[in-house]
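**Q** A predicted structure for the sequence below; I have some questions about it.
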Protein chains: 2
Amino acid sequence: MTSPIRKRTHQDIAAHRIPASQALSVERAPIYGLLDNIRSMYNVGSIFRTSDGALLKKLFLCGYTPSPPRKEIHKTSLGAAETVPWEYCKDPLDAIQQARSQGASICVLEQTDQSVPYHSIRPSAFPVCLVVGNELTGVSPAVIRAADSAIEIPMFGSKQSLNVAVAYGIALFELVRIWDQR
Amino acid sequence: MTSPIRKRTHQDIAAHRIPASQALSVERAPIYGLLDNIRSMYNVGSIFRTSDGALLKKLFLCGYTPSPPRKEIHKTSLGAAETVPWEYCKDPLDAIQQARSQGASICVLEQTDQSVPYHSIRPSAFPVCLVVGNELTGVSPAVIRAADSAIEIPMFGSKQSLNVAVAYGIALFELVRIWDQR
């Protein structure tokens, strides 16, 4: 007979996390994020929280994407803007150039004529910069043209897409898994 | 030289979706969802939208989880409460019993003493019912005790967890991938 499953305590979970004071000095995954005209502060906050969980190297906030400090971002990020390196670049092409200078290939999460499933990225594509775009219009055409590759999350139902913070989480954690299992 | 990447049009994307009028009669993935005391209507709406994308078999809303019709759920779900089969069960153990009667094993997404990585579920575990819990307190102890297995998403940063709708998306789409590639 197996013993019943028990939740771990907050203390036990916290003991296995990186202290916030060390978050900006640890070795991070070779993955960058780029937010191209995200409108909602709640989505930005959620994306910060997810980026902390993935130990993302750096998050670029571009165009009219709101940036910290903002009360709404702080609330949904649980303060992750203090533990994830980030930079605001008005022009997303400047952020792309900066990511490329660090060796990253540019991968847009978008439904394009060349998109492959999000789980088919190869470890050779790393470092990689994952780009997500506006809640209604997606990644802008200029950024798509500048990208090296495109991935998409297969949609099996009636709706055309997922919430951007959810889609970012699915793609980012798959990248983490691919990198971890290389 | 490769040609530039181009976004697909809404018309093209829509042409490959299941018409909403047929959404409730198509063959769906052998995956159930169970929301145990989710507080936020925005999270419930986002989870409906994600469940539509995964062609989830049925979503159980339990405890004080708000259920449709609610304006906030409709807005964040983009109307997916009309394309995803769902049922409100006050007692989550009633929903678990119903999922089990359909052959499902019960898998909680929670940090427990027996949790395995979310990507290590085997196709033999299907049909499966994925359980997520309250934004602050997680899955309730009684539901954890009733579960067959527990999965968790590895957290590499300083925060203890992800937003519940993001975590649900990551786990659900991984289940879809595992089932698709069986």
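**A** Arrived safely, thanks for sending. Values in this document were obtained by computation on a predicted structure and should not be read as measured data.
**Q** and the helix or strand where residue A:100 lies, what does it pack onto?
**A** Element membership for residue A:100, per DSSP states H and E: helix A:92-101. Judged by 3 or more Cβ pairs under 8 Å, 6 or more residues apart in numbering or on different chains; DSSP states H and E, the packing partners of helix A:92-101 are strand A:31-36, strand A:58-62, strand A:86-89, strand A:105-109, strand A:128-133, helix A:141-146. Backbone N, C-alpha and C define where each C-beta goes, glycine included.
**Q** Give me the helices and strands touching the first one, please.
**A** So that's strand A:31-36. helix A:41-54, strand A:58-62, helix A:92-101, strand A:128-133, helix A:164-180.
**Q** Now render these as JSON lines, adding mean neighbour count and mean pLDDT.
**A** Converted to JSON lines, the helices and strands packed on strand A:31-36 look like this (neighbours: other Cβ atoms under 10 Å in any protein chain shown; pLDDT from 0 to 100):
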{"stretch": "helix A:41-54", "mean neighbour count": "27", "mean pLDDT": "97"}
{"stretch": "strand A:58-62", "mean neighbour count": "24", "mean pLDDT": "98"}
{"stretch": "helix A:92-101", "mean neighbour count": "18", "mean pLDDT": "98"}
{"stretch": "strand A:128-133", "mean neighbour count": "26", "mean pLDDT": "98"}
{"stretch": "helix A:164-180", "mean neighbour count": "23", "mean pLDDT": "97"}
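**Q** Tell me which residues touch the residue positioned nearest the centre of chain A, please.
**A** For chain A, the residue sitting closest to the mean C-alpha position, by Cα atoms, centre = their mean, is residue A:33 at 4.6 Å. Taking Cβ atoms under 8 Å, 6 or more residues apart in numbering or on different chains, we find residue A:33 in contact with A:47, A:51, A:56, A:58, A:59, A:60, A:129, A:130, A:131, A:132, A:168, A:172.
**Q** What's the separation between it and residue A:27?
**A** As judged by Cβ to Cβ, to the nearest Å, residue A:33 and residue A:27 stand 17 Å apart.
**Q** cool, and residue A:106?
**A** Distance, residue A:106 to residue A:27, using Cβ to Cβ: 23 Å.
**Q** Over to residue A:108?
**A** Taking Cβ to Cβ as the measure, residue A:108 and residue A:27 are separated by 26 Å.
**Q** so where is chain A shaky, pLDDT-wise?
**A** Residue ranges of chain A with pLDDT under 70: A:1-2.
**Q** Give me the more crowded residue out of residue A:106 and residue A:27.
**A** Neighbour count, other Cβ atoms under 10 Å in any protein chain shown: between residue A:106 and residue A:27, residue A:106 has more, with 23 against 7.
**Q** Residues in a beta bridge with that one, which ones?
**A** Going by DSSP bridges, residue A:106 is paired in beta bridges with residue A:129.
**Q** Can you name the residues that contact it?
**A** Neighbouring residues of residue A:106 by Cβ under 8 Å, 6+ apart: A:34, A:96, A:99, A:100, A:128, A:129, A:131, A:146, A:147, A:148, A:149.
**Q** And residue A:10, by the same measure?
**A** Listed by Cβ under 8 Å, 6+ apart, the contact partners of residue A:10 are residue B:160.
**Q** One more: the one 10 residues further on?
**A** Applying Cβ under 8 Å, 6+ apart, one finds that residue A:20 lies in contact with A:79, A:82, A:83, B:158.
**Q** Got phi/psi on it?
**A** Main-chain torsions, residue A:20, degrees, to the nearest 10: phi -50, psi -30.
**Q** Quickly note the distance from it to residue A:144.
**A** Residue A:20 is 36 Å from residue A:144, by Cβ to Cβ.
**Q** who touches stretch A:38-47?
**A** Taking contacts as Cβ under 8 Å, 6+ apart, the residues outside stretch A:38-47 that touch it are A:33, A:35, A:59, A:61, A:64-67, A:70, A:72-77, A:80, A:132-136, A:163-165, A:168-169, B:42, B:163, B:166.
**Q** With just CA atoms, put it into PDB.
**A** Provided in PDB are the C-alpha atoms of stretch A:38-47 (Å, rounded to 0.1, in the frame of the first residue of the first chain):
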ATOM      1  CA  ILE A  38       2.000  43.700 -25.000                       C
ATOM      2  CA  ARG A  39      -0.900  45.900 -23.800                       C
ATOM      3  CA  SER A  40      -1.900  44.400 -20.500                       C
ATOM      4  CA  MET A  41       0.100  45.000 -17.300                       C
ATOM      5  CA  TYR A  42      -1.400  41.800 -15.900                       C
ATOM      6  CA  ASN A  43       0.100  39.900 -18.800                       C
ATOM      7  CA  VAL A  44       3.500  41.600 -18.300                       C
ATOM      8  CA  GLY A  45       3.400  40.800 -14.600                       C
ATOM      9  CA  SER A  46       2.500  37.100 -15.300                       C
ATOM     10  CA  ILE A  47       5.300  36.900 -17.900                       C
END
